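In: sequence? don't have it. structure:
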């Protein structure tokens, strides 16, 4: 019985791939073209001997039309945000909505980011594609909502293998379906996760076995070993969604860590029309070390990212990994990156991760230093910054009243980083027992009153740091 079931699975999968990869007539901008756009199996020069010269020309013509359509959509679309010279990386349990307001942690973190910078590009934490597809409308709305001031904002997509995959069976269909949901919510860009070393995302152990058994594809850092699959996914999404799709990856994975490996990965994936790669400047180890160790143990290799920009001047590269100071960020952004003929090849941008959480005040001068516009007046001093965040909590009591206080204060834990009293500040915000006992005025937000209480404490401990201009 089990053997028969497996045979049916194999035959079904084989039949599906034959139909999808050979006979599918594609649409461009919703208009049927009188051409068959052959899939990437035939676009690969190594497979060109299967086609006649006339067929090869037709393939190239079809692909060129798709690629031009994508480029025109990007150039003539409604998105007119500033160049994302600085980006806040997707961080699990950090880049939620309120963290994103401190620049204008999920909703709180992003909103906290918007108090510091209005121009920096914000990212969501990674969404599991199958979860978006199978969840209730209420849950999806709660996960995906964001404020207008969060633009430009990027949603990252990935797949967890133990989740149900939509009928049709493979990564492209699942991701396109999830992408349609993200597009409906108004996200500016979608990023494909091809760099996460988490075992659930990269397909280790039982996950890897299930992938091979049912041919479900893969995601995370192990996708670097499946460059043609990444190319096909990106192409499918660009064609169907008509919005920017980027790829975030690493310099290598396991023993595949040569420059030639990542160069070939970029070369192959860029055939899809994807023209922006965010590169974590380390390789990923899928065995032996955990995701946290993968952020520190593999050595940084910035030069490989600079070399990619020189070798692919028509593509955009954002460098990620190890940036701890504003000086290092500016150095990367301003580097001419000259080639052998002294031609400059500047990087598109820098992505930071834990820095935004651990030392957020470092970002208070970003808009002026990088984008050439005035910094927000909401972050002139630490006192003003904290008071504005408390006001935001008050104004959004409908969304924040039932949240645990530890989530509310998580975005602001690093406000006194490097200053006297930092330890007391963090301990006071983390003292939930004190929170349960303190008295607050009726009708006001208990959360914001708790923040004001800690501000008053810091006014006694280090008033200079509280009121010192941040820019």
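Out: Yes, it's here. Since the structure is predicted, the reported quantities are computational estimates derived from the model, not experimental observations.

In: Show me where the chain has its strands.
Out: Listed in chain order, the strands of the chain (DSSP state E) span 27-28, 31-32, 86-88, 96-102, 106-109, 122-128, 153-158, 189-194, 245-253, 276-284, 316-320, 349-352.

In: Most tightly packed of those strands?
Out: Comparing these by mean neighbour count (mean count of other CB atoms under 10 Å), strand 96-102 ranks first with a mean of 29. C-betas here are computed from N, CA, C, even on glycine.

In: And the strands of the chain: which comes nearest residue 182?
Out: strand 153-158 (4.7 Å; CB to CB).

In: So for that closest one, mean pLDDT?
Out: Strand 153-158 comes out with an average pLDDT of 93.

In: Point out the other helices and strands that that strand packs with.
Out: strand 122-128, helix 171-185, strand 189-194 (3 or more CB pairs under 8 Å, 6 or more residues apart in numbering; DSSP states H and E).

In: what about the ones you listed, which gets the closest to residue 463?
Out: Of all the helices and strands packed on strand 153-158, it is strand 122-128 that lies closest to residue 463, at 31.7 Å by CB to CB.

In: Would you mind giving the domain segments of the chain?
Out: 2-76, 86-371, 380-467 (automatic domain parsing).

In: Switch the helices and strands packed on strand 153-158 over to CSV; also include distance to residue 263 and mean pLDDT.
Out: Below are the helices and strands packed on strand 153-158 laid out as CSV (distance: least, CB to CB, whole Å; pLDDT from 0 to 100):
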stretch, distance to residue 263, mean pLDDT
strand 122-128, 25, 90
helix 171-185, 23, 92
strand 189-194, 15, 94
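
In: how about the ones you listed in JSON lines, adding distance to residue 380?
Out: Shown next, in JSON lines, are the helices and strands packed on strand 153-158 (distance: least, CB to CB, whole Å):
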{"stretch": "strand 122-128", "distance to residue 380": "21"}
{"stretch": "helix 171-185", "distance to residue 380": "33"}
{"stretch": "strand 189-194", "distance to residue 380": "31"}
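
In: Between the ones you listed, which one is closest to residue 137.
Out: Nearest of the helices and strands packed on strand 153-158 to residue 137, taken as CB to CB: helix 171-185 at 9.9 Å.

In: Check which residues of that closest one are buried.
Out: 171-179, 181-183 (16 or more other CB atoms under 10 Å).

In: Could you point out which residue ranges in the stretch 201-350 of the chain have low pLDDT?
Out: 201-219 (pLDDT under 70).

In: coming back round to it: and of the strands of the chain, who's closest to residue 134?
Out: Among those, strand 122-128 sits nearest to residue 134 (CB to CB), with 9.5 Å.

In: Mind giving me the packing neighbours of the closest one?
Out: Using 3+ CB pairs under 8 Å, 6+ apart, strand 122-128 is in contact with strand 86-88, helix 110-113, helix 137-144, strand 153-158.

In: Show residues contacting the third one.
Out: Outside helix 137-144, the residues that touch it by CB atoms under 8 Å, 6 or more residues apart in numbering are 124, 127, 132, 135, 155, 181-182, 185, 187.

In: same question, the last one
Out: Residues outside strand 153-158 that contact it (CB under 8 Å, 6+ apart): 87, 90, 100, 110, 121-129, 144, 146, 175, 178-179, 182, 187-193, 196, 201, 219-220, 246, 248.

In: As a check, name the ranges of all helices in the stretch 251-400 of the chain.
Out: Taking DSSP state H, counting those that start in this stretch as the test, the helices found in the stretch 251-400 of the chain are 259-270, 302-311, 326-334, 354-358, 366, 382-395, 397-400.

In: For those, give me JSON lines that also has mean neighbour count and distance to residue 413.
Out: Formatted as JSON lines, the helices of the stretch 251-400 of the chain follow (neighbours: other CB atoms under 10 Å; distance: least, CB to CB, whole Å):
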{"stretch": "helix 259-270", "mean neighbour count": "18", "distance to residue 413": "35"}
{"stretch": "helix 302-311", "mean neighbour count": "19", "distance to residue 413": "29"}
{"stretch": "helix 326-334", "mean neighbour count": "16", "distance to residue 413": "20"}
{"stretch": "helix 354-358", "mean neighbour count": "20", "distance to residue 413": "8"}
{"stretch": "helix 366", "mean neighbour count": "25", "distance to residue 413": "20"}
{"stretch": "helix 382-395", "mean neighbour count": "20", "distance to residue 413": "12"}
{"stretch": "helix 397-400", "mean neighbour count": "14", "distance to residue 413": "17"}
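
In: Which among those helices is found nearest to residue 341?
Out: Closest among the helices of the stretch 251-400 of the chain, once you apply CB to CB, is helix 302-311, at 10.2 Å.

In: and the gap between the residue lying closest to residue 368 once chain neighbours are set aside and residue 234?
Out: Spatial nearest neighbour of residue 368, excluding adjacent residues (CB to CB, 6 or more residues apart in numbering): residue 375 at 5.1 Å. Here the criterion is CB to CB, to the nearest Å. By it, residue 375 lies 36 Å from residue 234.

In: Which one of those two is surrounded by more residues?
Out: Set residue 375 next to residue 234 and count neighbours by other CB atoms under 10 Å: residue 234 wins out with 24 against 21.

In: from what I can see the more buried one touches residue 275, true?
Out: No - counting by CB atoms under 8 Å, residue 234 does not reach residue 275; the two are 10.1 Å apart.

In: mind listing what residue 227 touches?
Out: 264-265, 268-269.

In: For residue 407, state which of those residues is nearest.
Out: Checking the contacts of residue 227 against residue 407 by CB to CB gives residue 269 as the nearest, at 36.2 Å.

In: The closest one: what's it in contact with?
Out: 227, 230-231, 234, 247, 277.

In: next one: residue 447
Out: By CB under 8 Å, 6+ apart, the contact list for residue 447 reads 390, 393, 400-401, 403, 405, 408.

In: for the stretch 1-150 of the chain, which spans come out with low pLDDT?
Out: In the stretch 1-150 of the chain, residues with pLDDT under 70: 1-84, 92-107.
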